[in-house]
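Novice: Got a sequence here, can you build the structure:
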Amino acid sequence: MEINEILSKVDHTLLKITASWEEIKNVCDEGIEYKTASVCIPPSFVVKAKEYVGDKLTICTVAGFPNGYNTTEAKVYEAKNAIKNGADEIDMVINIGMLKSGNLQFVEDDIKAVKEAVGDKILKVIIETGVLTNEEKIAMCKIVTNAGADFIKTSTGFSTGGATREDIKLFAENVGNGVRIKAAGGIKTLKDAEDFIRLGASRIGSSSIISYVKNRQHNSAY
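Specialist: Numbers count the residues shown, from 1 in each chain. From the prediction side, this is the model:
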């Protein structure tokens, strides 16, 4: 798989709490240079980032991040506000506690409400696989499908574990038609990214891949 093809599926991510505008600006520059699918940045930087990149780059941000236990109304506001500020894509976190409590309808309604808020913009749903059983992961595949979201996503990168090949296989076997897969959390090399893509992921969330590419010659083996 060509490097450019891999990079075109990467959400180049900077969500650390210490991120400064200079760092966000640098991530945007890298996203444009390497033609990534998007940059995923904190909500407070969306306005300035959108003004900076214009139509040269897709802006992604987060809602209910990283714990997901915000009220639905709060997530809806975050999503609407982000879209108003120029975001093109929203990555939301599910209410894991409600899932663990068996309140699957709440989890589905939570996602539906955010999808309604973003309209034709892309909604990715982070289920935090590292804290879920396989049964819960399968249930979330069905819930995300029923809720009309665009992507199911493995991890925030702020909890236990990250993307695994087994989880991407599980997603691919259980999501409904039209639901795409985003692998995120701990993906650092082009080889890792290629593995996840071949298993069914069409987006890769990573804060490390661009640095990896910059540290190598583009014509070297990976």
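Novice: tell me which element Ala113 falls in.
Specialist: Using DSSP states H and E, Ala113 maps to helix 104-118.
Novice: now that helix, how far from the chain's geometric center?
Specialist: On the basis of C-alpha atoms, centre = their mean, to the nearest Å, helix 104-118 sits 17 Å off its chain's mean C-alpha point.
Novice: Could you check it and say which residues are buried?
Specialist: Residues of helix 104-118 classed as buried: 104, 106-115, 117-118 (neighbour count, 16 or more other C-beta atoms under 10 Å). Glycine gets a C-beta too; all of them are placed from N, C-alpha and C.
Novice: in its sheet, what does the next helix or strand along the chain from that helix sit against?
Specialist: Once helix 104-118 ends, the next helix or strand along the chain (criterion: DSSP H and E) is strand 122-126. Neighbouring strands of strand 122-126 in its sheet, by DSSP bridges, are strand 89-93 (parallel), strand 151-153 (parallel).
Novice: ok, then the element right after strand 122-126?
Specialist: helix 134-147.
Novice: and the angle from that following helix to strand 122-126?
Specialist: Interaxial angle, helix 134-147 versus strand 122-126 (axes from the mean of the first three to the mean of the last three C-alpha atoms, to 10 degrees): 160 degrees.
Novice: okay, now the closest residue to Phe106 other than its chain neighbours: neighbour count?
Specialist: Leaving aside its chain neighbours, Phe106 sits nearest to Met98 (4.5 Å; criterion: C-beta to C-beta, 6 or more residues apart in numbering). By other C-beta atoms under 10 Å, 18 other residues sit near Met98.
Novice: Can you verify my assumption that Met98 contacts Asp109?
Specialist: No. Using C-beta atoms under 8 Å, Met98 makes no contact with Asp109, being 9.7 Å away.
Novice: From Val144, how far out is the spatially closest residue to Asp150 that is not a sequence neighbour?
Specialist: Leaving aside its sequence neighbours, Asp150 sits nearest to Ile122 (C-beta to C-beta, 6+ apart; 4.7 Å). Ile122 sits 13 Å away from Val144, going by C-beta to C-beta, to the nearest Å.
Novice: The two: which is more packed in?
Specialist: Val144 (28 against 19).
Novice: Report the beta-bridge partners for the residue nearest the centre of the chain.
Specialist: The chain has Asp91 as the residue nearest its centroid, 5.0 Å off, counting by C-alpha atoms, centre = their mean. Bridge pairing for Asp91 (DSSP bridges) gives the partners Val62, Lys124.
Novice: follow-up on the earlier one: in TSV, list the strands paired with strand 122-126 along with distance to Ala49 and mean pLDDT.
Specialist: Converted to TSV, the strands paired with strand 122-126 look like this (distance: least, C-beta to C-beta, whole Å; pLDDT from 0 to 100):
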stretch	distance to Ala49	mean pLDDT
strand 89-93	13	98
strand 151-153	21	98
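Novice: Compile those into CSV and extend it with columns for distance to Lys137.
Specialist: Compiled in CSV, the strands paired with strand 122-126 are given as follows (distance: least, C-beta to C-beta, whole Å):
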stretch, distance to Lys137
strand 89-93, 15
strand 151-153, 9
